[in-house]
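Chemist: Please work out how this folds:
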Amino acid sequence: MGSHHDNIKNKIAYFHKVIKNMDLKDNIKRSKINEYEIPIEEVMYDEFSNTSDVNKQLFQTSLLGWIELVENENLHKALKSLKIEDQIFISYIVKECKTQRELAESYNISHQNIGKRFNRILKKLRKLMER
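Modeler: Numbers count the residues shown, from 1 in each chain. Below you'll find the predicted structure:
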């Protein structure tokens, strides 16, 4: 019996198809990452600014950057230990000042479910901070 590759009539076409699918998957991953990143060129600073000012500006302009500015060490660790989806969810509320109704529209679920998720995350943060 031949292998799966022996049954492929046009190996070059198959190879190109596989490469195309890999590129497509990479592009999808890259776009998801880019959604939450900010290019350094977008951060404006002059020759008198110091590195900490630039870092602070970067943190303030990205969706999750505010977490790095949390000075309470326990809260900072608790926030960083949340799943990325929960960090993004909290960021929409804390940084972007989104209401439950706005989030419900974005997530396409009821605002009651948004409230439940928010309360679940707060409960998890409290537990993490008690450690």
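
Chemist: okay, now Ile121: neighbour count?
Modeler: For Ile121, the neighbour count with other C-beta atoms under 10 Å is 19. For the C-beta atoms, the positions are set from N, CA and C on the backbone; glycine is no exception.

Chemist: hmm, I was thinking of Glu102
Modeler: Neighbour count of Glu102, defined by other C-beta under 10 Å: 15.

Chemist: repeat for Ser91
Modeler: Per other C-beta under 10 Å, the neighbour tally for Ser91 reads 19.

Chemist: hang on, isn't it packed against Leu69?
Modeler: No - using C-beta atoms under 8 Å, Ser91 is not in contact with Leu69, being 12.0 Å away.

Chemist: does Glu71 count as helix, strand or coil?
Modeler: Here Glu71 is recorded as coil under DSSP: H, G, I helix; E, B strand; the rest coil.

Chemist: Could you report the pLDDT at it?
Modeler: Here, the pLDDT recorded for Glu71 equals 89.

Chemist: That one: neighbouring residues, count only.
Modeler: 6.

Chemist: Backbone torsions only: list them for it.
Modeler: Note on Glu71: its backbone torsions stand at phi -80, psi -30 [degrees, to the nearest 10].

Chemist: what residues are up against it?
Modeler: Contacts for Glu71 (C-beta atoms under 8 Å, 6 or more residues apart in numbering) come out as none.

Chemist: where does the chain have its least confident helix or strand?
Modeler: Here the helix or strand of the chain ranked lowest by mean pLDDT, DSSP states H and E is helix 51-61, holding a mean of 58.

Chemist: quick one, domains of the chain?
Modeler: As assigned by automatic domain parsing, the chain contains the domains 1-35, 51-130.

Chemist: give me every residue that touches Cys97.
Modeler: Here Cys97 is in contact with no residue (C-beta under 8 Å, 6+ apart).

Chemist: Distance of it relative to Asn119?
Modeler: Distance of Cys97 to Asn119, computed by C-beta to C-beta, to the nearest Å: 18 Å.

Chemist: Can you give me the buried ones in whichever strand or helix holds Arg126?
Modeler: Arg126 is part of helix 111-130 when elements are defined by DSSP states H and E. Neighbour-count burial for helix 111-130 flags Ile114, Arg117, Phe118, Ile121, Leu125, Leu128 (criterion: 16 or more other C-beta atoms under 10 Å).
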